[in-house]
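Colleague: missing the sequence, but the structure's below:
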């Protein structure tokens, strides 16, 4: 994994805006309409090449494929990073479960935590009028009628899909003369947040997902790409446990999830892997987000080299101070979000530089890669997303000038 | 001033109760309905409520939420300005709509305001601004926009008297000593088509003379007068093409002179100025930097300066105060929570922001505030949660500063 040796490197958290025609093609494919498959694949390839070129033009040193291989069938979409795995995992019934917001709530007790339903999230309960309005500001786009249920052994069946993703992305990197790129894949803890009717325990289900997803992780690393594990569950499950649990209980609950991830990563080179943690990218108040201070150790237990997390929105921006107290182990890097999907206003490059410098002061300039809070695709308007990546690169250049003279 | 803790205030607009919004719809359509007894009752109850709620949250210097300035829709970014259309004589209210006004081109040394539709950030991000789902929607536009067709005179005597009386009653009921009331600055009031005055400057000064009456009424009533003058900062974006900074400073200094003319003889220590770059949820990439206009702002003869410092286009500008000397008797009211995001600021972030300012200008001279009015720009529940975060963050900062 590249480190910031002579300037602050830039990357981003994953999702980028899809071209309109790709969104329409995705919608048609998701709806089961007949589509011209070879044409679609060609369209996808061209889009991936385009999104890598554009990141390079912005000045993003370590680009991704924009998650374009993860189908997004609507302009507003917060779920592609997750939903894509439903088609890559066997053992799921996709067609008969209740919708995501129609699932029954569950109550946790001290020492006995369980995830409640999406509709029962605690921030949601505090601000029902905001979240309850499908047209409201926290709307996350069209909702699927059914949500998967695990009904049999979970196995990985996405081999062709991941090989296509890899081939498209590697071709795009080569076409643009870019050395290093990253590809996202969902972590076990985030993949298992669906109803389970097969495994005896949630942990069993979790480790089964870990085994299955390991194949995807290995494919990405074997292809020479940086693997980014998307695991918001580690932070945002907190909001999904009702009532609010003790921090100790939550850490215990989450460390099991990190162990499952580490199990999935066993033997893979740590220096080719980064981890993305976040508190959920919806435009809500986020008043029930768990503080970084309380979970930073859990995050750092993940056996990888890089840690990407939100630090550019107003609920987490102050948490750079955490790195004044926590020792980042030698050899590790952090990828704080210094521009965010949480506002339409485009970050001023000088603010981006200020934010970067707060982190380099604690962990050193070599160990900071400037990134975004979360993926920008589907969360803000495409032209705003690109303007934010411009600001990110400009701000990193300003910070580099200060740090390297 | 913040003698023993960081005082808190906010920039003006707060969420109106739904029944008031409905009643205002009628009032916007037919201004004479303002005398309606039911509306008066609703309004007084709402103002009493909004002052009480600010007090409960811990806002030391509350406003009336601008409730006297009619907002007829839940999403509304203009009441702070459009209220003046009914308080000024000399306007024909039936001109072309705000986005139908023709653009105008400036030349070096000769600056003119272009149209709203021709704003530079808007032109850069036209796809977002014109997409009803793009996230920048500012509510239903007025179908027609005023044109100045005769001498500008103040005719809002009854309206301001009613505003002042309602607010003073609400302050008294809540046991609050000091409250502020907003009034539009001449530079911002005069951003209308002018078919009467020979020059734009003449128009601005005529607005200054007329609005003086409102300013005086507010100060005479013992309230703090907040002059809302976003035009000082955001007219930059309405000048196309981008002008040289010196030209813009000169252009804007005239507006500050008009403001100073309007407040001549009024006690400076009862007046604060609110400057902002426009509260719509756009990219704001063409906002003029604070460092380029801070001296123009400080030329306004008042004691307090309120400005945006809590959104990502202006948050970095606390550094300006490391270089600019704030005159001894002045105070600043930086925005430390913002309408620009639905995410509620963490109180620790609010405290960090406050401490960046106190380090430069001293703890006594910082009042923690909001970027702009929150009413109409974010959901009411989010607006109130942000004021709570503001008060909590100010308390945290106070603990650090006075321990």
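Modeller: Here it is on my side, so go on. Just so it is clear, the structure is predicted and the values come from calculations on it, not from any experiment. Numbering: from 1, shown residues only, chains lettered A, B, ... in the order given.
Colleague: check which helices and strands whichever strand or helix holds residue A:151 sits against.
Modeller: Taking DSSP states H and E as the definition, residue A:151 sits inside strand A:149-156. Judged by 3 or more C-beta pairs under 8 Å, 6 or more residues apart in numbering or on different chains; DSSP states H and E, the packing partners of strand A:149-156 are strand A:89-93, strand A:195-196, helix A:202-222. All C-beta atoms are positioned from the backbone trio N, CA, C, and that covers glycine.
Colleague: ok, that strand: who's next to it in the sheet?
Modeller: Its sheet considered, strand A:149-156 pairs with strand A:89-93 (antiparallel), strand A:195-196 (parallel) by DSSP bridges.
Colleague: re the thing from before, a markdown table for the helices and strands packed on strand A:149-156, including mean neighbour count and mean pLDDT?
Modeller: Formatted as a markdown table, the helices and strands packed on strand A:149-156 follow (neighbours: other C-beta atoms under 10 Å in any protein chain shown; pLDDT from 0 to 100):
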| stretch | mean neighbour count | mean pLDDT |
| --- | --- | --- |
| strand A:89-93 | 19 | 97 |
| strand A:195-196 | 18 | 96 |
| helix A:202-222 | 20 | 98 |
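Colleague: wait, which of those is closest to residue A:310?
Modeller: Among the helices and strands packed on strand A:149-156, the nearest to residue A:310 by C-beta to C-beta is helix A:202-222 (22.8 Å).
Colleague: heading C-terminal from that closest one, find the next helix or strand.
Modeller: Next element after helix A:202-222 (DSSP H and E): strand A:226-230.
Colleague: so which residues make contact with that following strand?
Modeller: For strand A:226-230, contacts defined as C-beta atoms under 8 Å, 6 or more residues apart in numbering or on different chains pick out A:1, A:14, A:62, A:64, A:81-82, A:180-187, A:190, A:217, A:220-221, A:261, A:265, A:268, A:272-276, A:302, A:304, A:306, A:308.
Colleague: what residue is smack in the middle of chain A?
Modeller: residue A:230 (4.0 Å; C-alpha atoms, centre = their mean).
Colleague: ok, the residue in the stretch 101-250 of chain B positioned nearest to chain A - how many residues close by?
Modeller: Across the stretch 101-250 of chain B, the shortest distance to chain A (C-beta to the nearest C-beta) belongs to residue B:128, at 4.5 Å. Neighbour count for residue B:128, taken as other C-beta atoms under 10 Å in any protein chain shown: 23.
Colleague: by mean pLDDT, which helix or strand of the chain comes out lowest?
Modeller: Using chain A here. helix A:128-132 (a mean of 90; mean pLDDT, DSSP states H and E).
Colleague: um, chain B though
Modeller: That would be, for chain B by mean pLDDT, DSSP H and E, helix B:18-29 at a mean of 83.
Colleague: what pLDDT does residue A:173 get?
Modeller: Note on residue A:173: pLDDT of 98.
Colleague: for my notes, confirm it occurs in a strand.
Modeller: No: read with DSSP: H, G, I helix; E, B strand; the rest coil, residue A:173 is helix and lies in no strand.
Colleague: let me see the contact set for it.
Modeller: If you count contacts by C-beta under 8 Å, 6+ apart, then residue A:173 has A:52, A:63, A:179, A:181 around it.
Colleague: which strands and helices sit next to the strand or helix carrying the first one?
Modeller: Okay, so that is residue A:52. Element membership for residue A:52, per DSSP H and E: helix A:37-58. The contact analysis (3+ C-beta pairs under 8 Å, 6+ apart) places helix A:37-58 against helix A:20-30, helix A:159-175, helix A:382-404.
Colleague: buried deepest among these, which one?
Modeller: Mean neighbour count, computed with mean count of other C-beta atoms under 10 Å in any protein chain shown, is highest for helix A:382-404 among the helices and strands packed on helix A:37-58, reaching a mean of 21.
Colleague: is it true that residue B:196 touches residue B:146?
Modeller: No: under the criterion of C-beta atoms under 8 Å, residue B:196 is not in contact with residue B:146, lying 11.6 Å apart.
Colleague: so these two - more neighbours on which side?
Modeller: For residue B:196 and residue B:146, the more surrounded residue by other C-beta under 10 Å is residue B:146, and the numbers stand at 20 against 17.
Colleague: in space, what's closest to the more buried one - neighbours in sequence excluded?
Modeller: Nearest residue to residue B:146, sequence neighbours excluded (C-beta to C-beta, 6 or more residues apart in numbering or on different chains): residue B:91, at 4.2 Å.
Colleague: what does chain B have sitting close to chain A?
Modeller: Residues of chain B lying close to chain A (C-beta under 8 Å from any C-beta of the partner chain) are B:125, B:127-128, B:131, B:133-136, B:281-285, B:310-316, B:337-338, B:340-346, B:348-349, B:351-352, B:378-379, B:381-382, B:385.
Colleague: this completes my enquiry, with thanks.
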